[in-house]
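J.: Build me a model:
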Amino acid sequence: MMSNAFQNILGRQPHHLREALRTRNHHSSALPLLSWKTFSRKNSSLNGQMLHRFYSTEAGPSSFSETVSTTPSTTTEASNKQTSNSINIEDFMKVEIVVGQIVSAQFVKKSKKLICFRVNIGEQEPRQILSGIRTHYPSLDKNTTSAEEELNQLFVGQKVLVVKNLESKIMAGLESHGMILFATTETIENSGSELTATNENSITPVMPKDYERVKPGTRVC
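T.: Predicted coordinates:
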């Protein structure tokens, strides 16, 4: 049931309602009127505080109150997080993405997820790059001869995009020198972009358009 105090507030004219919505706390008299500007991003003094709103009625001091939290919303926090993770164009230009061609592919004995690729990116020797994609291919789940054959059929000779200047990292006792870019098939097929996908698995290497004519080592970014 709606309280009498709240009914009184709803029945007021706009100029009276503004007076009814004045805020008070336990230590001072009237505070400034609340408005949308009070809760704007620029006003950070209220962030994390709890405001106690007291409604004044014709009968005198308020008998009805509600607590208003001004802690930033989840949406605001997500927006701020996204901004903090942003990079400028100078940082982006540091990334070297080149076209590579997979020379060999092997399972990693100490890992159920990793595949060890050797990739030609136009250097004297192919680069060793490890990718944790094995679980995305159910047919590669077992260490069998047929699984190894399918691994080679899927990847050897394929053109891929490689992050060339990524810091080296040791995984399962092997050192990886770069990163092969993969994406889900749905994302690639439905994007209408300059990228293409070649198999029906849930994940596939990202390749440049007209990849057959692009030489290994060609810089994309």
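
J.: how does this protein divide into domains?
T.: Listed domain ranges for the chain are 4-74, 91-213 (source: automatic domain parsing).

J.: State the mean pLDDT of the last one.
T.: Taken as a whole, domain 91-213 has a mean pLDDT of 84.

J.: hey, where'd the strands end up in the chain?
T.: Assigned strands in the chain, in chain order: 50-57, 60-69, 97-107, 115-120, 127-131, 159-163, 169-171, 174-176, 179-180, 182-183, 195-196, 204-205, 207-208 (criterion: DSSP state E).

J.: Which residue ranges of this protein form helices?
T.: Per DSSP state H, the chain carries helices over the ranges 4-10, 14-20, 74-84, 89-93, 145-155, 185-191.

J.: Could you find the closest non-adjacent residue to Met179?
T.: Val163 (4.2 Å; C-beta to C-beta, 6 or more residues apart in numbering). C-beta coordinates here come from the backbone N, C-alpha and C atoms, glycine included.

J.: what's across from the one you found in the sheet?
T.: Listed by DSSP bridges, the beta-bridge partners for Val163 are Ile97, Met179.

J.: Next: Leu130.
T.: Assigned bridge partners for Leu130, using DSSP bridges, are Cys116.

J.: Count the residues that sit near it.
T.: 23 (other C-beta atoms under 10 Å).

J.: surely it meets Leu174?
T.: Yes. Taking contacts as C-beta atoms under 8 Å, Leu130 lies within contact range of Leu174: 6.0 Å.

J.: which residues do these two both contact?
T.: Applying C-beta atoms under 8 Å, 6 or more residues apart in numbering, one finds that Leu130 and Leu174 are jointly contacted by Val108, Leu114, Cys116.

J.: and the residue lying closest to the first one once chain neighbours are set aside, how many neighbours does it have?
T.: Nearest non-adjacent residue to Val108, counting by C-beta to C-beta, 6+ apart: Leu114, 4.1 Å away. In terms of burial, Leu114 registers 21 neighbours under the definition other C-beta under 10 Å.

J.: ok, so what distance separates Leu114 from Leu154?
T.: In this view, Leu114 and Leu154 are 15 Å apart by C-beta to C-beta, to the nearest Å.
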